[in-house]
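Visitor: Dropping a prediction and its sequence here:
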Amino acid sequence: MRNPLSDKITTIKPSGIRKFFDIVNEMEDAISLGVGEPDFDTPWHIRDEGIYSLEKGRTFYTSNAGLKELRTEIVRYIQRTQGVSYDPMKEVLVTVGGSEAIDLALRAMVNPGDEVLIPQPSYVSYEPCAILADAVPVIIELKEENEFRLTARELQDAITDKTKILVLPFPNNPTGAIMEKRDLEEIAEVVKEKDLFVISDEIYAELTYKEKHVSIASLPGMKERTILINGFSKAYAMTGWRLGYACAPAVIMEQMIKIHQFAIMCAPTTSQYAAVEALKNGDDDVAQMRESYNQRRRYLMHAFQEMGLKCFEPYGAFYVFPCIKEFGMTSEEFAERLLREEKVAVVPGTAFGDCGEGFLRISYAYSLDNLKIAMEKIGHFISRLREEKK
């Protein structure tokens, strides 16, 4: 019998995050700090709008690109938050989560052999999606001493004649790193000089704790080179609604919609009606959740300082990325022992790229009470490891 599987797909490793989720599900009393999912329920006024849409019988397909009303609200939202104008009929697509938008952008833009620059540590989907699109992923290893920001020099050094796209994953999962306007301006100059395009994944744009998020699409000459990706999962606690969006130049968007049309048809109708309400009236909800995350972020930084665990201060998303190199263990070994001995689950940094070795991703999308219990357990574990080294 011939091999039923694609050679390409069998070479791609499964997500390094899932292993620890599966173990935690089999353990009683385990505390998981591994999931990148808000612990808040979707605000009631957003849920109500989804329920109302079902009660009104709005259970049919929308247009492939999404509800006109939702695309219009997306355009208004980006205009008031980033000062960038888009045509809702030609430059906006509603997707099944931000992850679908990443896949669509890559498949619409790359030819076999084109290089896609991917800064790591970063979200697990970029590299596999590039491979599935027949691109060549080129990894840029971000450095702790730069607070895991991408520098113009690092970008410049990675570019070849085959480079076409830069993935810009900020605010960053897993590090919590952000890019400030001055950083983006330097990156933009290189992008324009080398005639590149940018896939800017801004799914955590609303969750920043230092200064307002700036999109690279807002910089001079960059809107026509940028595919801006965002969604509703993180800011509005709508992970299960599976809704994201992309904004891009019409020439690119036309092809993204074509792929979306054949693979998906349209994003969930109920979710789209709920998302209209989120954009219209959800700013206060986002602000309240952001403040809660910030309180947890500050607590974790203080806890790490108390236990003497090195961790740069992140200002975005809801993750911290502490360094565990002092213990002479791999990230996976550390995470496995922590889970086995203290029943606390975290994610090894290597799940987000080889350069994540020596780090852990800890999510603070959990209650402060659970975080305090988990930090006490982690503190005990670290003290024990230090005693073992003596």
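Guide: Thanks, I have it.

Visitor: And the spatially most central residue of the chain, how far from residue 321?
Guide: Centroid-nearest residue in the chain, with CA atoms, centre = their mean: residue 173, separated by 5.0 Å. For residue 173, the distance to residue 321 equals 10 Å [CB to CB, to the nearest Å]. Glycine gets a C-beta too; all of them are placed from N, C-alpha and C.

Visitor: Need the phi and psi values for residue 199.
Guide: Per-residue torsions, residue 199: phi -100, psi 110 (degrees, to the nearest 10).

Visitor: quick one: contacts for it?
Guide: Counting by CB atoms under 8 Å, 6 or more residues apart in numbering, residue 199 touches 102, 105, 106, 165, 166, 167, 168, 226, 227, 229.

Visitor: Let me have these in a markdown table, extended by secondary structure, neighbour count and distance to residue 197.
Guide: What follows is these, written out as a markdown table (DSSP: H, G, I helix; E, B strand; the rest coil; neighbours: other CB atoms under 10 Å; distance: CB to CB, whole Å):
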| residue | secondary structure | neighbour count | distance to residue 197 |
| --- | --- | --- | --- |
| 102 | helix | 26 | 13 |
| 105 | helix | 30 | 9 |
| 106 | helix | 26 | 11 |
| 165 | strand | 25 | 5 |
| 166 | strand | 28 | 7 |
| 167 | strand | 27 | 10 |
| 168 | strand | 27 | 10 |
| 226 | strand | 26 | 7 |
| 227 | strand | 28 | 7 |
| 229 | strand | 29 | 13 |
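
Visitor: want to try TSV for the residues you listed, with distance to residue 135 as columns?
Guide: Below are those laid out as TSV (distance: CB to CB, whole Å):
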residue	distance to residue 135
102	12
105	11
106	6
165	8
166	12
167	11
168	16
226	18
227	14
229	17
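
Visitor: Please enumerate the helices of the protein.
Guide: Ranges of helices within the chain are 7-10, 18-25, 44-55, 68-82, 97-109, 126-132, 152-158, 181-193, 250-263, 269-281, 283-307, 331-342, 368-389, based on DSSP state H.

Visitor: any idea which of the ones you listed scores lowest on pLDDT?
Guide: Mean pLDDT values for the helices of the chain show the minimum at helix 18-25, a mean of 68.

Visitor: Can you report how many residues lie near the residue lying closest to residue 289 once chain neighbours are set aside?
Guide: Excluding the flanking residues, the one nearest residue 289 by CB to CB, 6 or more residues apart in numbering is residue 40, at 5.6 Å. Residue 40: 15 surrounding residues under other CB atoms under 10 Å.

Visitor: give the contact list for residue 40.
Guide: Here residue 40 is in contact with 237, 289, 292 (CB under 8 Å, 6+ apart).

Visitor: same thing with residue 133?
Guide: So residue 133 contacts 103, 106, 107, 110 (CB under 8 Å, 6+ apart).

Visitor: Surely the last one is in contact with residue 137?
Guide: I take that to be residue 110. No - using CB atoms under 8 Å, residue 110 is not in contact with residue 137, being 10.4 Å away.

Visitor: what residues are shared contacts of the two?
Guide: Taking CB under 8 Å, 6+ apart as the criterion, residue 110 and residue 137 both touch 116, 130.

Visitor: what's around residue 52, how many residues?
Guide: With other CB under 10 Å as criterion, residue 52 counts 14.

Visitor: Please name the spatially closest residue to it (chain neighbours excluded).
Guide: In space, residue 52 is closest to residue 273, 7.6 Å off (CB to CB, 6+ apart).

Visitor: so that neighbour makes contact with residue 67?
Guide: Yes - with contacts counted by CB under 8 Å, residue 273 reaches residue 67, the gap being 7.3 Å.

Visitor: From residue 243, how far off is residue 231?
Guide: From residue 231 to residue 243 the distance is 6 Å (CB to CB).

Visitor: Identify the contacts common to those two.
Guide: Contact criterion CB under 8 Å, 6+ apart; residues shared by residue 231 and residue 243: 95, 97.

Visitor: residues touching the residue lying closest to residue 326 once chain neighbours are set aside, list them.
Guide: Residue nearest to residue 326 in three dimensions, not counting chain neighbours: residue 310, with 7.5 Å by CB to CB, 6+ apart. The contact partners of residue 310, taken as CB under 8 Å, 6+ apart, are 304, 322, 323, 326.

Visitor: now the residues you listed: which count as buried?
Guide: 304, 322, 323 (16 or more other CB atoms under 10 Å).
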